[in-house]
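Student: The sequence isn't on hand, but the structure is:
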C-alpha cells in the first residue's frame with residue numbers, strides 16, 4: 001500500500017527537520033500518492049489528489065485570508081497534506097488562523113523548524129512508492145501465472161480456495177448471497193470455530209467496495225461475479241491488515257471463480273457432451289428452428305421427429321464429500337442411463353444438465369406408452385446403477401418445440417422428489433405450487449436478494465439476540481393471519497403473541513394487517529426455507 005503521512009514523518013531525512021504536526025493529527029493515516037514541491041499560491045490547479053505538498057511559504061501572500069483560501073483549495077482537490085518549512089516566510093510558527101483553517105478542512109499541516117533539502121524528501125518518498133508499486137507488480141505477475149493455470153485446467157472452487165490458502169497462509173471461504181458457505185479451506189484451523197455462527201458474523205460485514213478489509217472482523221472481502229451478476233463473496237481471514245499481495249490474491253481468485261462458473265463443464269464422454277449440447281440448446285432456445293435440433297440428434301442416431309417425446313430428469317439422493325465426487329458420480333449416472341436406454345431399445349438423448357441433474361429426451365416407439373417406457377428404464381437402470389437416485393418425468397409432448405416445457409416439468413418434479421423420495425420407480429408431475437417453484441429457483445441470486453431484502457433485518461435481529469421472531473412470523477402466516485389460532489400454535493397467550501407481532505412490525509417496518517405485505521413476507525420465508533435446506 002502507499003505510504004501514509006505518518007510513514008513520511010518517520011523518515012530520517014524528515015525527522016532531521018524536526019517535524020511538528022500542528023493540524024490534522026487524527027489524519028496521519030492518509031495515504032501519500034506523490035510528493036510535490038510548490039512555491040506558488042495557485043498550486044491546487046496542478047494537483048490530482050493524494051499529493052503531499054512541500055513549501056517554504058516564500059510565495060504565499062501576507063494576507064491571512066489569501067493564505068486561508070490556499071489551504072482550502074488544497075483540501076478541495078484532495079491533497080494528502082501540507083508541509084511548511086519555517087524560517088523564511090514564517091519565522092518560528094504559522095499564524096493561528098492558518099492552523100484553524102487547516103484543522104477545519106481536515107488537512108494535515110506539518111511544520112519543519114530546521115532547514116531540510118526538499119529534494120531528499122521527494123527522493124526518499126518516491127523511492128518507497130516505486131518499490132511498493134514494483135512489489136505489487138511482481139505479486140500480480142506471480143499470481144497471474146498461478147490462477148491462469150487454474151483457469152485453463154478448469155479448477156473447481158475447492159482447488160482455487162486451496163491455492164489461496166496456500167499462498168496466503170490464511171483460512172479462506174466462499175459464500176453465496178444468502179451468507180451460506182459454499183466451500184472453505186481452513187489452513188489448519190479448527191473447522192468448528194471457523195464456521196460457528198457464520199451467518200450472523202457474515203451479515204455484520206458490509207464493505208462499501210467490491211474489495212475491502214473489515215478491521216473489526218479481520219476479514220478481507222471481495223465480491224465474486226461476472227457479466228454484472230454477483231453471486232457470492234470470497235473471504236480471507238486476516239489477523240493483520242492485508243498487504244498489497246493479499247488484495248491482488250483475493251481479487252485474482254475471485255476472477256478465477258467467476259470465470260470457472262461461466263466455463264464449467266463436466267468431464268464426460270464426447271457422446272454425452274454432444275447429447276448434452278443438444279438438450280441444452282433445446283432448453284435455452286439456442287436453435288432458431290426445431291428441425292436443426294432434430295437433425296443434430298438424428299446424426300447421433302436418435303430420431304426425434306415423428307415420435308411423441310417425454311423428458312426425464314435424474315438426480316442423486318446422496319450427498320458426496322466434494323463437488324468433484326458429485327460430478328464423477330453424476331457422469332457415471334449419465335453413462336449408465338445411456339446404456340440402459342440402449343439395452344431396452346429406446347434410443348434417447350442423455351446428458352448432464354448441470355452439476356446435480358442428468359437429462360434424458362426420450363422418443364416413444366409406436367404403441368409404447370410412457371408408463372411402460374419409464375418402468376422399463378427405471379428397472380434396468382436401478383439394476384445397473386447401485387447409488388440411490390430419483391427418476392422424474394414431464395408430460396408427453398407431440399413435437400420437439402414442446403420438449404422444453406416437458407423438461408421444466410421434469411426438473412420441478414425431480415427437485416421436489418429428491419427431498420423426500422419414497423422409493424417409487426419414477427415420479428410424475430404433482431401439484432408443486434409455490435414451494436416447488438421457489439425450490440427450483442433457490443440458487444438464483446435474484447431470489448436470494450429478494451429474501452434478504454424482505455427478511456434481512458429480522459434475521460439479523462434474531463441472530464444478534466438469540467430470539468426466534470422469524471418462527472413467530474412463520475406461525476402467524478401459516479395460520480392464515482388468524483391471530484388467535486397462531487397464538488395457540490405458538491403456545492403463547494394472546495397478549496404475549498400480539499406484543500411479538502408489534503415487535504415484528506417495528507423491525508420489518510411493515511403492517512402485518514396488509515395482505516400484500518404478508519404475501520411478500522410469506523414468499524420470502526418459503527424462499528429462505530428452500531435456500532437453507534439445499535445447503536444442509
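Tutor: Yep, it's here. Remember, predicted model here, so these are calculated numbers, not experimental data.

Student: drop to CA atoms for contacts and neighbour counts, all remaining ones
Tutor: Will do.

Student: ok, the residue nearest the centre of the chain to residue 226 distance?
Tutor: For the chain, the residue nearest the mean C-alpha position is residue 232 (1.3 Å; Cα atoms, centre = their mean). Counting by Cα to Cα, to the nearest Å, the gap between residue 232 and residue 226 amounts to 10 Å.

Student: try residue 55
Tutor: Using Cα to Cα, one gets 47 Å for the distance from residue 55 to residue 226.

Student: Who has more neighbours out of these two?
Tutor: Set side by side, residue 55 and residue 226 show unequal neighbour counts under other Cα atoms under 10 Å, the larger going to residue 55 at 19 against 15.

Student: which residues pair with that one across the strands?
Tutor: In this structure, residue 55 has beta-bridge partners residue 84, where bridges are defined by DSSP bridges.

Student: What confidence value was assigned to it?
Tutor: Residue 55 is assigned 93 on the pLDDT scale.

Student: Over to residue 527?
Tutor: The confidence metric pLDDT takes the value 88 at residue 527.

Student: hang on, isn't it packed against residue 443?
Tutor: No - assessed by Cα atoms under 8 Å, residue 527 is found out of contact with residue 443, at 10.0 Å.

Student: neighbour count winner among the two?
Tutor: Under the neighbour definition other Cα under 10 Å, residue 527 and residue 443 were set side by side, and residue 527 has more, 26 against 17.

Student: If we ignore the residues flanking it in sequence, what's nearest the more buried one?
Tutor: If you skip the residues right next to it in sequence, residue 527 has residue 438 as its closest partner in space, 5.6 Å away by Cα to Cα, 6 or more residues apart in numbering.

Student: can I assume the one you found is in contact with residue 526?
Tutor: Yes - look at residue 438 against residue 526 with Cα under 8 Å: they come within range, at 7.1 Å.

Student: Neighbour count: these two, which is higher?
Tutor: Neighbours were tallied for residue 438 and for residue 526 using other Cα under 10 Å; the higher tally belongs to residue 438 (22 against 19).

Student: Look up how far residue 412 lies from the more buried one.
Tutor: Using Cα to Cα, which is the criterion applied here, residue 438 is 10 Å from residue 412.

Student: shared neighbours, those two?
Tutor: Shared contacts of residue 438 and residue 412, defined by Cα atoms under 8 Å, 6 or more residues apart in numbering, are not found at any residue.

Student: where does the stretch 201-350 of the chain dip in pLDDT?
Tutor: 227-228, 261-270, 320-324 (pLDDT under 70).

Student: Helices of that one, residue ranges please.
Tutor: Counting by DSSP state H, counting those that start in this stretch, the segments of the stretch 201-350 of the chain that form helices are 244-263, 270-283, 290-299, 323-343.

Student: Tabulate those helices (CSV), appending distance to residue 96.
Tutor: Shown next, in CSV, are the helices of the stretch 201-350 of the chain (distance: least, Cα to Cα, whole Å):
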stretch, distance to residue 96
helix 244-263, 39
helix 270-283, 74
helix 290-299, 82
helix 323-343, 67
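
Student: and residue 30, how far is that from residue 288?
Tutor: Residue 30 sits 58 Å away from residue 288, going by Cα to Cα.

Student: Of the two, which one has the most company?
Tutor: Taking residue 30 and residue 288 together and counting by other Cα under 10 Å, residue 30 has the greater number of neighbours (20 against 10).

Student: As a check, name the ranges of all strands in the chain.
Tutor: Using DSSP state E, the strands assigned to the chain run over residues 19-23, 34-37, 51-55, 81-85, 109-112, 172-176, 181-185, 211-214, 219-226, 229-237, 308-316, 349-352, 357-364, 389-397.

Student: Show me what the fourth one is in contact with.
Tutor: If I follow you right, that is strand 81-85. When contacts are taken as Cα under 8 Å, 6+ apart, the neighbours of strand 81-85 outside the stretch itself are 5, 51-57, 107-116.

Student: And those, which of them are buried?
Tutor: For these, burial is judged from neighbour counts taken by 16 or more other Cα atoms under 10 Å, and it is met by 5, 51-57, 107-114, 116.

Student: measure the nearest residue to residue 428 once chain neighbours are set aside to residue 526 for me?
Tutor: Once its chain neighbours are removed from consideration, residue 428 has its nearest residue in residue 393; the separation is 5.3 Å (Cα to Cα, 6+ apart). Residue 393 sits 25 Å away from residue 526, going by Cα to Cα.

Student: thinking again about what came up before, adding distance to residue 404, write the strands of the chain out as a markdown table.
Tutor: As requested, these are exported to a markdown table (distance: least, Cα to Cα, whole Å):
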| stretch | distance to residue 404 |
| --- | --- |
| strand 19-23 | 69 |
| strand 34-37 | 60 |
| strand 51-55 | 61 |
| strand 81-85 | 64 |
| strand 109-112 | 69 |
| strand 172-176 | 29 |
| strand 181-185 | 30 |
| strand 211-214 | 40 |
| strand 219-226 | 27 |
| strand 229-237 | 25 |
| strand 308-316 | 8 |
| strand 349-352 | 14 |
| strand 357-364 | 10 |
| strand 389-397 | 10 |
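
Student: what's the distance between residue 304 and residue 279?
Tutor: Distance check for residue 304 against residue 279: by Cα to Cα, it reads 12 Å.

Student: so residue 164 makes contact with residue 172?
Tutor: Yes - assessed by Cα under 8 Å, residue 164 is found in contact with residue 172 at 7.0 Å.

Student: so what sits against both of these two?
Tutor: Applying Cα under 8 Å, 6+ apart, one finds that no residue jointly contacts residue 164 and residue 172.

Student: looking at the protein, which helix or strand is least sure?
Tutor: helix 433-440 (a mean of 72; mean pLDDT, DSSP states H and E).

Student: Please identify the buried residues of it?
Tutor: 435-436, 438-440.

Student: Among those, which one sits closest to residue 328?
Tutor: For residue 328, the closest of the buried residues of helix 433-440 turns out to be residue 440, at 23.0 Å, with distances computed as Cα to Cα.

Student: What residues does the closest one make contact with?
Tutor: Each residue near residue 440 by Cα under 8 Å, 6+ apart is listed here: 411-412, 415.

Student: Run a quick check on residue 364 versus residue 373, I expect a contact.
Tutor: Yes - counting by Cα under 8 Å, a contact exists between residue 364 and residue 373, whose distance comes to 7.4 Å.

Student: quick one, which of those two is more surrounded?
Tutor: Ranked by neighbour count (other Cα under 10 Å), residue 364 and residue 373 place residue 364 first, with 21 against 18.

Student: Nearest spatial neighbour of that one, chain-adjacent residues omitted?
Tutor: Taking Cα to Cα, 6+ apart, and ignoring the residues beside it in sequence, residue 364 has residue 308 as its nearest neighbour in space, at 5.5 Å.

Student: What residues does that neighbour make contact with?
Tutor: Contacts of residue 308 were listed using Cα under 8 Å, 6+ apart, and they are 363-365, 396-399.

Student: go with 7 Å
Tutor: Remark: with contacts taken as Cα atoms under 7 Å, 6 or more residues apart in numbering, residue 308 is in contact with 363-364, 396-399.

Student: Same question for residue 358.
Tutor: With the criterion set at Cα under 7 Å, 6+ apart, residue 358 makes contact with 313-315, 334, 351-352.

Student: Which one (most neighbours) among the residues you listed?
Tutor: Each of those was scored by neighbours using other Cα under 10 Å; the highest score is residue 351's, at 31 neighbours.

Student: measure the residue lying closest to it once chain neighbours are set aside to residue 315 for me?
Tutor: Closest residue to residue 351 in three dimensions, ignoring its sequence neighbours and counting by Cα to Cα, 6+ apart: residue 276, at 4.1 Å. Using Cα to Cα, one gets 15 Å for the distance from residue 276 to residue 315.
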